[in-house]
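In: coordinates only, no sequence provided:
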């Protein structure tokens, strides 16, 4: 990239990808912005003209707004906590030499390949069903009253399902990070008199910091928009309505495109606020 | 104190016996160097002493007490690794403090020892940097600093200079030597570089395929190598080993003569040959002499001002009193 010529050639060659990506992002975003300022009710008159900030005000003042933000944050936070913590434990275990390592590693990754809708349905019908589910049988075996998972503990259930899906991703990334740790560092700390727990705290965990950062960032992006798991399990009932789900309901159930679009813009703002916080907190791990 | 005794120590990896049973005593305060070609088991031996590998049989005594089943931390040894193994996320100060923090030494004492070590190793200005911001030599010194502050009964060095460039290596060699003179602590040093071994050691242990070939002071090994392997390994350039007619004339299977014990002249010498490559170092000149009828190449060391060229015919006069004689098995004939 030394000469003027090669720099401009590089720009020219990158242009198609940049333009495509920009279009991909900008067109839907502009359309969402456009509709959010419209009173647009398909089946009830269609485009009824400009609405100013009415949609924005109505969306925030609706009683469903703050609970939905809260549900979103609880789900994202809960899943992150579980996947990172269990991911580290699993990665440490999988790093140990053992018989059948290859097969076990593939099995651990398997849940990631199951489609969200399918896995949520399997969990709902085969595990969490209060009559026929595996958990219900387990509870009954110990003489306890089976829990109605999806109605009594709806958020916890969804967090469980989503965690199960994302645990393999966290495990995989953390496992590769653990494998890249210089074994001489561990041996040095062993010579220095560090017992296993201290070795984990002072050597392994700091080494994993960057991988944990990546897991948290990538998962947050995807978890903010989970939808299928809620759609096929609770349908947004019992306090499990996230911001994404609320927008879906406004647009497709209430058929209010303008109101839903305003919600979409709020979701963009929320995602950016979280992104800024995350970058502030964990982003410095990526510099070193 | 730091006397280390190995009794019938052996190591197997699966079915491969890396180290057949061997005995060795390292006296307190001694600078011992394990030297040998790659894969001779010298690093494994060091790791057995450190406790990073379990020994298959035998026992290790440190200061007379059996340390065979003790974990590394309990043996009171400190190790400097080839890759230095510094903790990249900690500052130099925290790196050096780590073993003391693990041992639960109080903060004031920690600070005192860090200041002392940093002053001794010229690290005072770098205490708040991270290893990634240091040069190779500085990292090396941090690794040594981390070892010093534990006040171990012995230091173990695993090829600590092999990642440094040549000039720095010579400097660090001196520093480690001076450190040993000052601390008077037992040091065990592993290297494949016989120059390092010769210059630093009180005692050299030459290893081949896990077997100790010879133990002795540098000059003992130089003057009276016990067999052809030690003879060829110690000394630079290598000793010339001649077989056949010339050897039988001295009642031996093999005779060895070091390059520095052969004189060159235009004529009048015992052997004659043609100069191949001449390496002029200034202080010395090494001639690789061919067509002698004795061996493919005979290396000769001559003073720097001797100026033969490629293709010149010269004669060689070995100093016969410096001749080493070896029998059919390669063992020295006294």
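Out: Perfect, thanks for sending it. Note that the structure is a prediction, hence the values are computed from the model and not measured.

In: alpha carbons only for contacts and neighbour counts from here, please
Out: Noted.

In: got the buried residues for stretch B:55-74?
Out: Using 16 or more other CA atoms under 10 Å in any protein chain shown as the test for burial, stretch B:55-74 gives B:55-56, B:59-62, B:67-68, B:71-73.

In: for residue A:112, what are its contacts?
Out: Listed by CA atoms under 8 Å, 6 or more residues apart in numbering or on different chains, the contact partners of residue A:112 are A:165-166, A:168-169.

In: mind giving me the domain split of chain B?
Out: Per automatic domain parsing, the domain ranges recorded for chain B read B:4-230, B:237-326.

In: check these for me and report the most buried one.
Out: domain B:4-230 (a mean of 19; mean count of other CA atoms under 10 Å in any protein chain shown).

In: is any part of that one close to chain A?
Out: Yes. Contact between domain B:4-230 and chain A, assessed by CA under 8 Å from any CA of the partner chain, occurs at B:50, B:52, B:72-74, B:77-79, B:81, B:83, B:85-87, B:89, B:98-99, B:102-103.

In: let's see which of those residues end up in strands.
Out: B:77-79 (DSSP state E).

In: just send those residues back as CSV, with pLDDT and distance to residue B:243 too.
Out: Below are those laid out as CSV (pLDDT from 0 to 100; distance: CA to CA, whole Å):
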residue, pLDDT, distance to residue B:243
B:77, 90, 46
B:78, 91, 46
B:79, 91, 43
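
In: and for the residue lying closest to residue A:250 once chain neighbours are set aside, the neighbour number?
Out: Among residues not flanking residue A:250 along the chain, residue A:260 sits closest, at 5.1 Å (CA to CA, 6 or more residues apart in numbering or on different chains). When neighbours are defined as other CA atoms under 10 Å in any protein chain shown, residue A:260 has 26 of them.

In: residue A:260 belongs to a helix?
Out: Yes. In this structure, residue A:260 lies within a helix as judged by DSSP: H, G, I helix; E, B strand; the rest coil.

In: quick one: it and residue A:106, what's the gap?
Out: 41 Å (CA to CA, to the nearest Å).

In: please apply the same query to residue B:150.
Out: For residue B:150 relative to residue A:106 (CA to CA), the value is 44 Å.

In: phi, psi of residue B:30?
Out: Here is the backbone geometry of residue B:30 (degrees, to the nearest 10): phi -80, psi 150.

In: where does chain A dip in pLDDT?
Out: Judged by pLDDT under 70, chain A has its weakly predicted residues at A:1, A:282-288.

In: residue contacts, the residue most central in space within it?
Out: Ranked by distance to the mean C-alpha position of chain A (CA atoms, centre = their mean), the top residue is residue A:223 at 1.8 Å. By CA under 8 Å, 6+ apart, the contact set of residue A:223 is A:75-76.

In: if we can go back for a sec, dump the domains of chain B to CSV, plus distance to residue A:3.
Out: Shown next, in CSV, are the domains of chain B (distance: least, CA to CA, whole Å):
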stretch, distance to residue A:3
domain B:4-230, 31
domain B:237-326, 44
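
In: returning to that earlier point: so which of the contacts of residue A:112 are also by chain B?
Out: Near chain B, by the rule CA under 8 Å from any CA, you find none of those.

In: in helices, which of the residues you listed fall?
Out: A:165-166, A:168-169 (DSSP state H).

In: now do stretch A:268-287: distance to the chain's middle.
Out: 14 Å (CA atoms, centre = their mean, to the nearest Å).

In: apologies, that question was intended for stretch B:37-52.
Out: 13 Å.

In: equivalent analysis for stretch B:160-179, please.
Out: 12 Å.

In: can you check stretch B:264-279 too?
Out: 33 Å.

In: for stretch B:308-328, same thing?
Out: For stretch B:308-328, the distance to the chain centre is 27 Å (CA atoms, centre = their mean).

In: ok, and what's touching that stretch?
Out: Contacts of stretch B:308-328 (CA under 8 Å, 6+ apart): B:224, B:227-228, B:247, B:250, B:252-257, B:261-278, B:332-334.

In: again with stretch B:275-293
Out: For stretch B:275-293, using CA under 8 Å, 6+ apart, the contacting residues are B:271-274, B:296-306, B:308-314.

In: give the bridge partners for residue B:155, please.
Out: Note on residue B:155: beta-bridge partners residue B:78, residue B:187, judged by DSSP bridges.

In: distance of it from residue A:94?
Out: 34 Å.

In: same question, residue B:126
Out: Relative to residue A:94, and taking CA to CA, residue B:126 is found at 38 Å.

In: also residue A:271?
Out: From residue A:271 to residue A:94 the distance is 34 Å (CA to CA).

In: neighbour-wise, which of those two wins?
Out: residue A:94 (19 against 16).

In: OK, contacts around that one?
Out: By CA under 8 Å, 6+ apart, the neighbours of residue A:94 are A:101, A:105, A:175.

In: give me the element the nearest residue to residue B:264 once chain neighbours are set aside is part of.
Out: Distances taken as CA to CA, 6+ apart place residue B:316 nearest to residue B:264, at 4.7 Å, with adjacent residues excluded. Counting by DSSP states H and E, the element that carries residue B:316 is strand B:313-318.

In: which strands border that strand, and is each parallel or antiparallel?
Out: strand B:262-265 (antiparallel), strand B:271-280 (antiparallel).

In: state the mean pLDDT of the last one.
Out: Rounded to a whole number, the mean pLDDT of strand B:271-280 is 90.

In: partner strands of the following helix or strand past it, parallel or antiparallel?
Out: Downstream of strand B:271-280, the first helix or strand assigned by DSSP H and E is strand B:284-290. If you go by DSSP bridges, strand B:284-290 pairs up with strand B:271-280 (antiparallel), strand B:298-303 (antiparallel).

In: chain center to the first one: distance?
Out: If you compare the mean C-alpha spot of strand B:271-280 with that of the full chain, they lie 30 Å apart, counting by CA atoms, centre = their mean.

In: doesn't residue B:47 make contact with residue B:53?
Out: Yes. With contact defined as CA atoms under 8 Å, residue B:53 counts as touching residue B:47 (5.7 Å).
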